[in-house]
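**Student:** Provided below for reference: sequence and predicted model.
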Amino acid sequence: MGITASKKLGCAVKRNRAKRVITAAFRNLLPLFTQGYDFVFVARVKTTYVKSTVIFNSVKNGLMKDGVLKHNEEDTHKAD
């Protein structure tokens, strides 16, 4: 998995927060992935303002549509 965040997001604090949010969402999805995929996530400006649960749901829905995630598992994300 790779994450990229350009300087358009803002200062280093905002870029690092965006990367942490994406990493947290990805970590919760790991048990659902099928083998053989590489991912590159591109942080957008909106990423710096949302929580990892929003990113989690967004990534999960997109990857389920594409058939990358297993469908027989329950939601592994635990609310804080």
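**Tutor:** Sure, I can see it. A quick note: this is a predicted structure, and the numbers were derived from the prediction, not measured. Residues are numbered from 1 along each chain as shown.

**Student:** show me the contacts for S52.
**Tutor:** Residues in contact with S52 (Cβ atoms under 8 Å, 6 or more residues apart in numbering) are V21, I22, A24, A25, N28. C-beta here means a position set from N, CA and C on the backbone, and glycine is covered the same way.

**Student:** can you do 10 Å?
**Tutor:** R20, V21, I22, T23, A24, A25, F26, R27, N28, V59, H77, D80 (Cβ atoms under 10 Å, 6 or more residues apart in numbering).

**Student:** going by distance to K51, which of those residues wins?
**Tutor:** Nearest to K51 among the contacts of S52: V21, at 7.0 Å, using Cβ to Cβ.

**Student:** strands along this protein, start to end?
**Tutor:** Taking DSSP state E to define them, one finds strands in the chain at 2-4, 40-42.

**Student:** quick one: A25 and G62 touch, right?
**Tutor:** No: A25 is not in contact with G62 according to Cβ atoms under 10 Å; the separation is 11.5 Å.

**Student:** re earlier: so which of the contacts of S52 sits lowest on pLDDT?
**Tutor:** Ranked by pLDDT, these bottom out at D80, which has 43.

**Student:** can you tell me how far the closest residue to S52 other than its chain neighbours is from P31?
**Tutor:** Once flanking residues are discounted, S52 sits nearest to A24: 4.0 Å by Cβ to Cβ, 6 or more residues apart in numbering. Note on A24: its distance to P31, by Cβ to Cβ, to the nearest Å, is 14 Å.

**Student:** these two: which is more packed in?
**Tutor:** Set A24 next to P31 and count neighbours by other Cβ atoms under 10 Å: A24 wins out with 15 against 10.

**Student:** and the more buried one, what does it touch?
**Tutor:** K51, S52, T53, I55, F56, H77.

**Student:** for these, pick the one with the most neighbours.
**Tutor:** So for those (other Cβ under 10 Å), the most neighbours sit at I55, 23 neighbours.

**Student:** before we move on, the earlier item: comparing A25 and G62, which residue is more hemmed in?
**Tutor:** Using other Cβ under 10 Å as the criterion, A25 and G62 rank with A25 on top: 22 against 11.

**Student:** for the more buried one, what are its contacts?
**Tutor:** Residues near A25 by Cβ under 10 Å, 6+ apart: 41, 50-60, 77.
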